[in-house]
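Visitor: kindly return the folded structure for what I paste below:
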Amino acid sequence: PVPTPIQKVAIPKLLYAQQSALLHAPTGSGKTLTYILPITETLWKEVEDANKDGDIDPDAMDNGVALVLLPTRELAAQVAGIASVLAPPG
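Guide: Here you go, the predicted structure:
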């Protein structure tokens, strides 16, 4: 899949530069994946590192935390569904 314009601009800043971002783009432009992918990528990296080091249980609930604030319950449910598919177990 080809990234959308918002994804092309924001994902490198969120993932590699670890900058904060306020995303504004039309509905259906890929904003949810734009901020969820860097979060889940970081969580998967933590799990991978834990598996290599053997220091922590990769399935523990307190390994990594991300807070996403959303304006409505409906949007929160939608984002939670997407995040639960992409995030590592735990």
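Visitor: so, low pLDDT: which residues of this protein?
Guide: Across the chain, residues meeting the criterion (pLDDT under 70) sit at 55-63, 90.
Visitor: which parts of it are helices?
Guide: 5-15, 31-53, 73-86 (DSSP state H).
Visitor: now tell me what touches the first one from outside.
Guide: For helix 5-15, contacts defined as Cβ atoms under 8 Å, 6 or more residues apart in numbering pick out 3, 19, 21, 23, 25, 29-31, 33-35, 37-38, 41-42. C-betas here are computed from N, CA, C, even on glycine.
Visitor: from those residues, pick the one nearest V68.
Guide: Set against V68, the nearest of those by Cβ to Cβ is Y35 (6.9 Å).
Visitor: CA atoms only: put stretch 78-86 into PDB for me.
Guide: The C-alpha coordinates for stretch 78-86 follow below in PDB (Å, rounded to 0.1, in the frame of the first residue of the first chain):
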ATOM      1  CA  GLN A  78     -12.600   2.400  16.600                       C
ATOM      2  CA  VAL A  79      -9.000   3.200  17.400                       C
ATOM      3  CA  ALA A  80      -8.900   0.600  20.200                       C
ATOM      4  CA  GLY A  81     -10.000  -2.000  17.700                       C
ATOM      5  CA  ILE A  82      -7.300  -1.100  15.300                       C
ATOM      6  CA  ALA A  83      -4.600  -0.900  18.000                       C
ATOM      7  CA  SER A  84      -5.500  -4.200  19.500                       C
ATOM      8  CA  VAL A  85      -5.000  -5.900  16.100                       C
ATOM      9  CA  LEU A  86      -1.600  -4.200  15.600                       C
END
